[in-house]
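Q: coordinates for the following, if possible.
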Amino acid sequence: MKKQNTVLAADPLDRSICVGVITSVHGVKGYVKIRSFTDNPVDVTSFSKVFDEEGKVYKINLVFPKKDYLIAAIEGVSSRNQAEDLRNTKLYIKRSELPTPASGEFYHADLIGMEAFLNDGSKFGIVKNVVNFGAGDILEIYDITSEKVIYYPFRKQFVPMVDIIQKSITLNPLEEVIASDD
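A: Residues are numbered from 1 along each chain as shown. So this is what the prediction gives:
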């Protein structure tokens, strides 16, 4: 999964995950443009139950994929005016619909909210987001000591352990990692 927000629920597999957003309309037949947050953008059309923040369910049919978005038809939407009403609608699925990630792989939604500890066991902060500016995933961690956001490359040398069950990650202090490369 790429960037997304999460809506927390008691069961981690039952929480909602944002998989896309309707950005605008396309044409006069009621088609919409959807910006997908999934690795394969077309996946937005394959989930069994896609819903908005109020819980309204949408049946999405792919019209054609574009480079950065999809053109889709939404069942029951047949005019430009109806499609216009859906502008900026965020699309969610239940976390349980996602396949189990391979060993050593993680969904961004599973990392967000994890407690971050340094390798000596001291608490460092909380993972607020996962971003990617083109060179790999980066953890956006709120440092509880400095009260600032720190960016950590999400690579084994910087983040040697991720514990999905305990919802925690272990970090090597950046100074140690940089010093070991010299």
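
Q: which parts of this protein are helices?
A: 80-84, 108-111, 174-181 (DSSP state H).

Q: quick one: mean pLDDT over the shortest one.
A: The average pLDDT for helix 108-111 rounds to 88.

Q: packing partners for that helix?
A: Judged by 3 or more Cβ pairs under 8 Å, 6 or more residues apart in numbering; DSSP states H and E, helix 108-111 is in contact with strand 123-132. For glycine as for every other residue, the C-beta is placed from the backbone atoms N, C-alpha and C.

Q: partner strands of the strand it packs on, parallel or antiparallel?
A: Sheet pairing of strand 123-132 (DSSP bridges) gives strand 115-118 (antiparallel), strand 137-143 (antiparallel).

Q: between those strands, which gets nearest to residue 104?
A: Closest of the strands paired with strand 123-132 to residue 104 is strand 137-143, at 12.6 Å (criterion: Cβ to Cβ).

Q: could you list the residues in contact with the closest one?
A: Residues from elsewhere that reach strand 137-143, judged by Cβ atoms under 8 Å, 6 or more residues apart in numbering: 108, 111, 116, 124-132, 148-154, 159, 169, 171.

Q: can you rerun that using 6 Å?
A: For strand 137-143, the external contacting residues (Cβ atoms under 6 Å, 6 or more residues apart in numbering) are 116, 125-131, 149-154.

Q: circling back to that earlier point, which of the helices of the chain has the lowest mean pLDDT?
A: helix 174-181 - the lowest mean pLDDT of those, at a mean of 54.

Q: average pLDDT across stretch 27-36?
A: Mean pLDDT, stretch 27-36: 94.

Q: quick check: buried residues in it?
A: Buried residues in stretch 27-36, counted by 16 or more other Cβ atoms under 10 Å: 30-34, 36.

Q: among those residues, which ones are in strands?
A: Judged by DSSP state E, the buried residues of stretch 27-36 include 31-34, 36 as members of strands.

Q: surely residue 72 meets residue 60?
A: Yes: Residue 72 is within contact range of residue 60, at 5.0 Å (criterion: Cβ atoms under 6 Å).

Q: higher neighbour count, these two?
A: The residue with more neighbours, out of residue 72 and residue 60, is residue 72; 25 against 20, by other Cβ atoms under 10 Å.

Q: could I get the contacting residues of that one?
A: By Cβ under 6 Å, 6+ apart, residue 72 lies in contact with 32, 34, 60, 62-63.
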